[in-house]
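Student: Got a predicted model here, sequence first, then my questions.
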Amino acid sequence: MSSWTDLKADTHRQYGRFSMAALAKGFLANRTFRVLVSLRLCQGVSRANPLARLMLPPCKLLHRLTTSLAAMDLPWRTTVGAGLALTHGWGLVVNQEARIGRNVTLFHGVTLGRRDRIAPSGERLVEYPVIEDEVFVGPHAVIIGGVTIGRGSRIAAGAVITEDVPAHSVVAGNPAAVVKSGCTPDVMNPAPLPAD
């Protein structure tokens, strides 16, 4: 999808609909939504024609400013699906190599981080998390390493995830454990998205 389509989905998640007025309101009045606008702007400009790419440095500066004012770390190069909702946002830290699916909700204090480990062969492995579609990640949850959080799962506040999470599961604790299977995804204002 294009950055514009992704931004329309992000706006729908925030306001339950897309309109230019809602987009403008979000950019002007909502510090976490402003981060999404600057992220999508950077991504769109980076994929544009060479002349338009001349705007990338000011866009990157804008993104740095918006993330700083929102007290979060969300690099503009991160792969982020359409319809991301950042709730509160304070202290959010996302590694650039993490991958975030569509209609995902991330709360304040969430960490999506890198894990380095040594394989039995002695090789150094560097791994990053993958968050599939419709995942809800509660406040201060920590997800590190090459784990996949399955579609429609819910991660409870404060959970520490270092292993894969099956789809449609509720996970809680440190270390995290599945406390419920077959759960319904928790997606407020899901953005209408085309099928895969």
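Tutor: Good, I have the coordinates.

Student: what packs against the host helix or strand of residue 39?
Tutor: Residue 39 belongs to helix 31-46 when assigned by DSSP states H and E. Under the contact definition 3 or more C-beta pairs under 8 Å, 6 or more residues apart in numbering; DSSP states H and E, helix 31-46 sits against helix 3-15, helix 20-29, helix 56-69, strand 85-87. Just so you know, the C-beta spots here come from the backbone N, C-alpha and C atoms, and that holds for glycine as well.

Student: export the ones you listed to a markdown table and tack on mean neighbour count and mean pLDDT?
Tutor: Shown next, in a markdown table, are the helices and strands packed on helix 31-46 (neighbours: other C-beta atoms under 10 Å; pLDDT from 0 to 100):
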| stretch | mean neighbour count | mean pLDDT |
| --- | --- | --- |
| helix 3-15 | 21 | 94 |
| helix 20-29 | 14 | 95 |
| helix 56-69 | 16 | 97 |
| strand 85-87 | 22 | 96 |
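
Student: how about stretch 154-171: buried residues?
Tutor: 154-156, 159-161, 165, 167-171 (16 or more other C-beta atoms under 10 Å).

Student: Now flag whichever of those residues is closest to residue 129.
Tutor: Nearest to residue 129, judged by C-beta to C-beta, of the buried residues of stretch 154-171 is residue 161 at 7.7 Å.

Student: Check the spacing between that closest one and residue 122 real quick.
Tutor: 26 Å (C-beta to C-beta, to the nearest Å).

Student: any low-confidence regions in this protein?
Tutor: Low-confidence segments of the chain, defined by pLDDT under 70, are located at 1, 195-196.

Student: So which residue is smack in the middle of it?
Tutor: For the chain, the residue nearest the mean C-alpha position is residue 100 (4.8 Å; C-alpha atoms, centre = their mean).

Student: Tell me how far that one lies from residue 120.
Tutor: Distance from residue 100 to residue 120, by C-beta to C-beta: 30 Å.

Student: cool, residue 175 as well?
Tutor: Taking C-beta to C-beta, one finds residue 175 at 21 Å from residue 120.

Student: Can you name the residues in contact with stretch 30-44?
Tutor: Stretch 30-44 has contacts (C-beta atoms under 8 Å, 6 or more residues apart in numbering) with 2-4, 6-7, 10-11, 14, 23, 26-27, 56, 59-60, 62-63, 65-67, 69-70, 72, 74, 76-78, 80, 84, 86-89.

Student: for stretch 68-80, same thing?
Tutor: By C-beta under 8 Å, 6+ apart, stretch 68-80 touches 6, 31-32, 34-35, 38-39, 42-43, 59-60, 63, 67, 86, 89-100.
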